[in-house]
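Peer 1: here are the coordinates; sequence isn't available:
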């Protein structure tokens, strides 16, 4: 891959995840502080990610793969997204805000697949080259959080009091325009499906992989993947509002520790996978989920602040050891014929169905333990995802039979 192309792809990834990290992390805090949204309404807003994930395969499979170059669709989606993001910046109540965020996530979620497609098309050896490009996405997400906390101070108590968090949407709208225009300069990535070739809905949604559920082990993994998204939704939806409410300084900046830990544990994963096997790797991830939420339940902004930092830092092992390991397991079980279908099915089950349930549950529980205006019983709230994760761990430990899975790094 030429240096110019590598720089282009790296910048594309940087902007793609700068855009996501620049508003999604602080969304719950913004909605609660600026729009006086309830927990259920915040859950609705976050669940737009799930609706986007459910609809995204249709945009990619029925439009992008058949009629237009991927880089052009990427550009159009981000330019349209910039407009919607600006509308979110100006919204003054949740009823006005919700249609814009729903429309935005339906446009944004397909871009995650598009940036991968554009990258893979330019690589001779994606297994070796992709990680070096994708890591710039993580850097973009981290930089967005650092800018919000340590440069603009939009998440400080004083700034939150005067509604400055809405500026995250303006920042992201500008970045979306930049990526939208930049996309048209990216290497050409023509449609992947030949003209006249039929595309089945079952192929798009990965439904052909449903036959894998006949395998008891895969069925247990599939069910566990859906249920573990309930604790994951609690983190996405509540972590930033929680840290802000209890008085942690620069909460958004501190949450970037989670993304840094993703990089570290991603590097550690091959060793752990080879030495301990798939089942123990998954179980380690689920133990981390339980531990993380108990740390959140009993930590505070004072002498036990270190517990919160450790909890954030566990995000890497929580995510990588379960979800990345799960992708490897799915790939090994699917065989050549159903590899793409199986990954599509797992994505639909987790980011679609699982997260949809998770955000709804998190919103309901958060509302239940609202003890005063903008004041929650966080100890009880965080105990719920800890119990959920422990339950999934018990399910997986008892019913999943150990099997050897080859890991190719």
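Peer 2: Happy to help now that I have it. All of these numbers come straight from a predicted model, not from anything done at the bench.
Peer 1: what's the average pLDDT for stretch 42-51?
Peer 2: When pLDDT is averaged along stretch 42-51, the result is 96.
Peer 1: Equivalent analysis for stretch 135-155, please.
Peer 2: For stretch 135-155, mean pLDDT is 95.
Peer 1: List the buried residues for it?
Peer 2: The neighbour-count check on stretch 135-155 (16 or more other CB atoms under 10 Å) flags 135-149, 152-155 as buried. C-betas here are computed from N, CA, C, even on glycine.
Peer 1: give me phi/psi at residue 372?
Peer 2: Note on residue 372: its backbone torsions stand at phi -160, psi 180 [degrees, to the nearest 10].
Peer 1: For it, which residues count as its bridge partners?
Peer 2: residue 375 (DSSP bridges).
Peer 1: Quick one: name whatever helix or strand follows the top helix by length along the chain.
Peer 2: Counting by DSSP state H, the longest helix found in the chain is helix 251-298. Proceeding N to C from helix 251-298, the next assigned helix or strand is helix 305-313, under DSSP states H and E.
Peer 1: and the next helix-or-strand element following that following helix, average pLDDT?
Peer 2: Using DSSP H and E, the helix or strand that follows helix 305-313 in sequence is helix 315-319. The pLDDT scores in helix 315-319 average 92.
Peer 1: Show me what helix 315-319 is packed against.
Peer 2: Applying 3 or more CB pairs under 8 Å, 6 or more residues apart in numbering; DSSP states H and E, we find helix 315-319 packed against helix 216-245, helix 251-298.
Peer 1: how does it look with 6 Å?
Peer 2: Judged by 3 or more CB pairs under 6 Å, 6 or more residues apart in numbering; DSSP states H and E, helix 315-319 is in contact with helix 251-298.
Peer 1: which helices and strands sit right next to the helix it packs on?
Peer 2: With 3+ CB pairs under 6 Å, 6+ apart as the test, helix 251-298 has helix 126-146, helix 216-245, helix 305-313, helix 315-319, helix 325-347, helix 378-399 packed against it.
Peer 1: okay, the ones you listed, which one's buried deepest?
Peer 2: Among the helices and strands packed on helix 251-298, helix 315-319 has the highest mean neighbour count (mean count of other CB atoms under 10 Å), at a mean of 24.
Peer 1: what separates that one from the chain centre, distance-wise?
Peer 2: Offset of helix 315-319 from its chain centre (CA atoms, centre = their mean, to the nearest Å): 12 Å.
Peer 1: hang on, residue 185 in a helix?
Peer 2: No. Counting by DSSP: H, G, I helix; E, B strand; the rest coil, residue 185 is not found in a helix; it is coil.
Peer 1: rewinding a little: mind putting the helices and strands packed on helix 251-298 in TSV, distance to residue 372 included?
Peer 2: Output for the helices and strands packed on helix 251-298, formatted as TSV (distance: least, CB to CB, whole Å):
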stretch	distance to residue 372
helix 126-146	29
helix 216-245	11
helix 305-313	22
helix 315-319	29
helix 325-347	39
helix 378-399	13
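Peer 1: nearest to residue 269, of these?
Peer 2: Nearest to residue 269, of all the helices and strands packed on helix 251-298, is helix 325-347, at 7.0 Å by CB to CB.
Peer 1: Now do that closest one, average pLDDT.
Peer 2: Here helix 325-347 scores 77 as its mean pLDDT.
Peer 1: Next: stretch 23-32.
Peer 2: 97.
Peer 1: Mind listing what's buried along it?
Peer 2: 23, 24, 25, 26, 27, 28, 29, 30, 31, 32.
Peer 1: Need the residues that contact that stretch.
Peer 2: With contact meaning CB atoms under 6 Å, 6 or more residues apart in numbering, stretch 23-32 is reached by 37, 42, 45, 165, 168-169, 172, 237, 240-241, 244, 252, 255.
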